[in-house]
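*Asks:* Provided below for reference: sequence and predicted model.
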Amino acid sequence: MVVRDAREVSGMQPDIDAAAAATAATGRDGGADTEVVIALRGVERVYRSGHLDYLALRGVDLTVDAGEMVAIAGPSGSGKSTVLNIMTGIDRPTSGSVTVGGRELDSMSEDELAVWRGEHVGIVFQFFQLLPTLTALENTMLPLDFARRGSVEERLTTANERLELVGLGDRVDRFPSELSGGEQQRVAIARAMACDPLLLVADEPTGNLDSETASAMLDVLQSVNRTGTTVVYVTHDVTLGARAGRVVTLRDGVVVDDGR
């Protein structure tokens, strides 16, 4: 279930049309719903603290189509990160259903989710999460190594391509301490793209960056989206949210506006 192959960027597969990308994303043929990559139906999430229950999500309905770039916006505590965690299988809903790429996540075991996530989801964390003793190239190769995808030479080629995609082709041998915050975040995006994910998600990817670098980071996410990858990112910044093709606004665990 691959929305796009990043090798298209290097000219190897330049002509994949939208319909083919959508079918590849969902793994289904025909029908009006073939382009739906993410479907959350009546999702609620309750967290318990001591004797108290906190309702983080209150019946969220949300669909995302193949190739969309969606910003999930809202104030702190609105449920943005919870939605992101549920659509990637990191967290589970208390009630409701979650389907991503034709797979019902709520019916999968933790081990199945871990394997599925490694193959089909790229995650960009706010704090980069790069290993300090590895170079940019080695950090980018990690998902390929874990998945044992291809030979070592093929993994090196893929990692180099992903770093080229995010504009770091000349920084492959640098360690995280030798990179700026923006460059480290680009490495994190390259790593998230390593296995040709069905879906790229980013949780406040610009939260630790200055405004100019944050804007440049959105440029990178937009360039990734233009290759056909479905991108969903969380932000509390209205200006950065507006850079997406669609903005879904949450407040108190409820979708209050959907730019769809």
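*Replies:* Arrived safely. Being a predicted model, the structure only gives us computed values, none of them experimental.
*Asks:* switch to C-alpha atoms for all contacts and neighbour counts from now on
*Replies:* OK.
*Asks:* Tell me which residue of the protein is furthest from the middle?
*Replies:* H51 (34.3 Å; C-alpha atoms, centre = their mean).
*Asks:* Need the phi and psi values for that residue.
*Replies:* With angles defined as degrees, to the nearest 10, H51 sits at phi -100, psi 10.
*Asks:* What residues does it make contact with?
*Replies:* Counting by C-alpha atoms under 8 Å, 6 or more residues apart in numbering, H51 touches no other residue.
*Asks:* Ok, L131 next?
*Replies:* N139, P176.
*Asks:* And the helices in the chain?
*Replies:* Counting by DSSP state H, the chain has helices at residues 18-26, 80-87, 110-120, 136-147, 152-165, 181-192, 211-226, 238-241.
*Asks:* The second one - contacts with which helices or strands?
*Replies:* The reference is to helix 80-87. strand 52-65, strand 95-100, strand 199-203, strand 230-235 (3 or more C-alpha pairs under 8 Å, 6 or more residues apart in numbering; DSSP states H and E).
*Asks:* same thing with the last one?
*Replies:* Other helices and strands packing on helix 238-241, by 3+ C-alpha pairs under 8 Å, 6+ apart, are strand 69-73.
*Asks:* so what strands line up beside the strand it packs on?
*Replies:* strand 230-235 (parallel), strand 246-251 (parallel) (DSSP bridges).
*Asks:* Most tightly packed of these?
*Replies:* Among these, the stretch with the highest mean neighbour count (mean count of other C-alpha atoms under 10 Å) is strand 230-235, at a mean of 25.
*Asks:* Can you give the distance of that one from its chain's centre?
*Replies:* With C-alpha atoms, centre = their mean, to the nearest Å as the basis, strand 230-235 stands 6 Å off its chain's centre.
*Asks:* can you list the residues that contact that strand?
*Replies:* 3, 65-74, 80-81, 84, 198-207, 221, 225, 241.
*Asks:* cutoff 7 Å now
*Replies:* With contact meaning C-alpha atoms under 7 Å, 6 or more residues apart in numbering, strand 230-235 is reached by 66-73, 80-81, 198-204, 225, 241.
*Asks:* just for the protein, where's the confidence low?
*Replies:* Scanning the chain for pLDDT under 70 picks out 1-34.
*Asks:* picking that back up, and the helices and strands packed on helix 80-87: which comes nearest V46?
*Replies:* With C-alpha to C-alpha, the closest approach to V46 among the helices and strands packed on helix 80-87 belongs to strand 52-65: 4.5 Å.
*Asks:* Pairing partners for that closest one, with directions?
*Replies:* strand 36-49 (antiparallel).
*Asks:* Need the CA coordinates for the partner strand. PDB is fine.
*Replies:* Listed next in PDB are the C-alpha coordinates belonging to strand 36-49 (Å, rounded to 0.1, in the frame of the first residue of the first chain):
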ATOM      1  CA  VAL A  36     -10.200   7.300   1.300                       C
ATOM      2  CA  VAL A  37      -7.000   6.700   3.300                       C
ATOM      3  CA  ILE A  38      -8.100   7.500   6.800                       C
ATOM      4  CA  ALA A  39     -11.600   7.100   8.300                       C
ATOM      5  CA  LEU A  40     -12.300   7.800  11.900                       C
ATOM      6  CA  ARG A  41     -16.000   7.100  12.800                       C
ATOM      7  CA  GLY A  42     -17.500   8.100  16.200                       C
ATOM      8  CA  VAL A  43     -14.100   8.100  17.900                       C
ATOM      9  CA  GLU A  44     -14.000   8.700  21.600                       C
ATOM     10  CA  ARG A  45     -11.000   8.600  23.800                       C
ATOM     11  CA  VAL A  46     -11.200   8.600  27.600                       C
ATOM     12  CA  TYR A  47      -8.200   8.800  29.900                       C
ATOM     13  CA  ARG A  48      -8.400   7.900  33.500                       C
ATOM     14  CA  SER A  49      -6.500   9.700  36.200                       C
END
